[in-house]
Each structure stands twice: as C-alpha cells, then as structure tokens.
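Visitor: Model the structure of this input:
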Amino acid sequence: MKRNKVIIALAIVVASAFSIEEGFAAKKKEKTQKKPEKSVVELSSQSDTLSYVAGMSMTQGLVDFLQHSLKVDTAYMADFISGVEKAIESGDDPQFKAYMAGMEIAKQLKEKMLPGMARELQDSPDSLVEELAYRGFIDALQGDTTYYNIDNASLLFKDLMSEAKEAKTEKLYGENRRAGEQFLAENAKKEGVVTTESGLQYKVLVEGKGEKPQASDRVKVNYEGRLVDGTVFDSSAKHGDKPLEFRANQVIKGWTEALTLMPVGSKWELYIPYDLAYGERDSGKIKPYSALVFTVELVEIVKK
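Guide: The predicted model follows:
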C-alpha cells in the first residue's frame, strides 16, 4: 500500500512529456527531404551584408552543439530549421509561446527532474514509475483532484520521500553507524577517557602547558586519522614533514571543540561521533555516519 502511495504522490509532483511529443514521434519525416525553394537574397548595402554575415556567423559551432549537447539527429536538420523559422514567424504569439514553454518544461522533466528523483530512490524500497509521474503532472495542471489536491500531494510526497531516504540510509550505512555507536559506548567506559556534553570523547596522552587557542586562531598540528576498525585514512605526515597549519574553526566540529580545550604542547586522542565529524557525507575512505579516531598534537598557535 505504501508503494502505491509513493507512486501516486510522485505522479502529482512531476510531469508527463509523452503527450507533448507523441505527435512529433508519429510524424517523423524521411531522412531524405526535398529542400524547399528559397527566394534570392539581395545584398544592396553594407548594412545588408553585415546583417547577412552576422546571421551566418552565429551558426558557427551550432551543428556540433546540436549533435552533442542537444542530441539532435542531423538527418532531421530540415525539421530543426522549420522550428527556427516557425519561432521567428510567431513573434509574440501567446499560443506559440505557451506551446514552446511546454516543450521546455517537458525537456527539464525528462532529462533532469525525473532522473534525479529516480537516483534518490535507488536502494530504497520504492521506485519511480515515470508514466504515472507524467500523468500526475498533467492531472495537477488540469485541476484533476480525483486522488489528491496539489497541497496534500506535496505534503505526502515529502513524507514518503523522507521514509524512502531513511530506509535507503539504513540499508547502505546502518551497519557502519551502529559500529561507530558501539565503539564510542564501549570506549567511554575506558580509564582516562573524557566525554564532553556534545558527545566528543578524548584522552590526554601528553599534557601541554601552553596557551589554549580560540576558535578563530590559526594553529599548527601533527595528526593521524583512523576509522574505528583501525584503518588510517589521513595524517599530517602525508602532507609533508612539517605540522599542518589552519584556523581552528575551519575543520570538523569535533576538532574545533578539542583544539579549544587543548593547551599548546598537548597530545590527545580524539574519539569523534559522526555528527561532529563528516555526518551523512561520503568523503572517500570515510563513509557516511562514520565515527572517527584522531591522534592530535597541538604544536603552536600562529601569532599574527
């Protein structure tokens, strides 16, 4: 039942370009078309010549653009030219403008909106049925409220997409998140480990005697970063033989908090929950919802 609801909800929010393009698909002409007779061009002044060559110069690179960016089959160039001529002739005709707007919106739906939504639903229990999404779009524009009105549909769509995202997250990263939570729960019980109000954990390896930096201070540090399974994903040594320099508030939240608690000369081990690290982001070796472990040595506060 839930899957039926998400199909209908998606259908209300997104759109069908099929009805717009069916006529064109049925009326494709043969690739070998007879060229219409053209009137003779008279270039009787320099302005005439300038205007004519201006038009010609504007087509430079156009065929390549049509082929590679718009995916136009150049066997149908006569149809493309016919479309250009029609648009020029129509001027500000409101009927033609509405038709062209429909074509443009259909293109956005087919090439961007629906594919993007389908990607979001990958690895979730639900999927996007394009035909119903197109139908829902048209029904909404025509005021058809057989199933939903647009406000109710939008609210339901938001809720169902949120459910799908949660299910997808659990499938892809639930195990990783639980591993981090279990590690931190067990680590908090170990001797010497301090847990702050935010959930950051740290253990003092070397107690420094220097000044504590402010969040806006630039600092120099040596560090090594590991996943909870011990995999090293980064270290200052990978970036040269000198400590790394940066502003204390330009790093993940767990680091900023720890640095502002550390006196210069200190060396701490940090145990950082995912929400104080990279959160839901995928950062290469660091998967979403990863708890992280860092060994950090605060070498210096860089004075202006």
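
Visitor: Show me where the chain has its strands.
Guide: 193-195, 201-206, 218-227, 232-235, 244-247, 267-272, 292-302 (DSSP state E).

Visitor: Including mean pLDDT, distance to residue 182 and mean neighbour count, could those strands go into a markdown table?
Guide: (Each C-beta comes from the backbone N, C-alpha and C, glycine too.) Formatted as a markdown table, the strands of the chain follow (pLDDT from 0 to 100; distance: least, C-beta to C-beta, whole Å; neighbours: other C-beta atoms under 10 Å):
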| stretch | mean pLDDT | distance to residue 182 | mean neighbour count |
| --- | --- | --- | --- |
| strand 193-195 | 97 | 15 | 14 |
| strand 201-206 | 98 | 13 | 17 |
| strand 218-227 | 97 | 14 | 18 |
| strand 232-235 | 95 | 20 | 15 |
| strand 244-247 | 95 | 31 | 15 |
| strand 267-272 | 98 | 12 | 22 |
| strand 292-302 | 97 | 14 | 20 |
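
Visitor: TSV for the ones you listed, including distance to residue 65?
Guide: What follows is the strands of the chain, written out as TSV (distance: least, C-beta to C-beta, whole Å):
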stretch	distance to residue 65
strand 193-195	59
strand 201-206	56
strand 218-227	46
strand 232-235	42
strand 244-247	43
strand 267-272	48
strand 292-302	46
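
Visitor: what about the ones you listed, which gets the closest to residue 129?
Guide: Ranking the strands of the chain by their distance to residue 129 (criterion: C-beta to C-beta) puts strand 218-227 first, at 39.0 Å.

Visitor: the inter-axis angle of that closest one versus strand 292-302?
Guide: An angle of 170 degrees separates the directions of strand 218-227 and strand 292-302 when computed by axes from the mean of the first three to the mean of the last three C-alpha atoms, to 10 degrees.

Visitor: Can you name every helix or strand that strand 218-227 contacts?
Guide: Packing contacts for strand 218-227, counted by 3 or more C-beta pairs under 8 Å, 6 or more residues apart in numbering; DSSP states H and E, involve strand 232-235, strand 244-247, strand 292-302.

Visitor: Quick one: residues contacting residue 97.
Guide: Shown in contact with residue 97 (C-beta atoms under 8 Å, 6 or more residues apart in numbering): residue 90.

Visitor: mind running it again at 10 Å?
Guide: Contacts for residue 97 were tallied using C-beta atoms under 10 Å, 6 or more residues apart in numbering; they are 87, 90, 91.

Visitor: Any figure for the gap between it and residue 81?
Guide: Note on residue 97: its distance to residue 81, by C-beta to C-beta, to the nearest Å, is 20 Å.

Visitor: Quick check: which of the helices and strands packed on strand 218-227 is nearest to residue 188?
Guide: Each of the helices and strands packed on strand 218-227 was checked against residue 188 via C-beta to C-beta, and the shortest separation belongs to strand 292-302, namely 13.3 Å.
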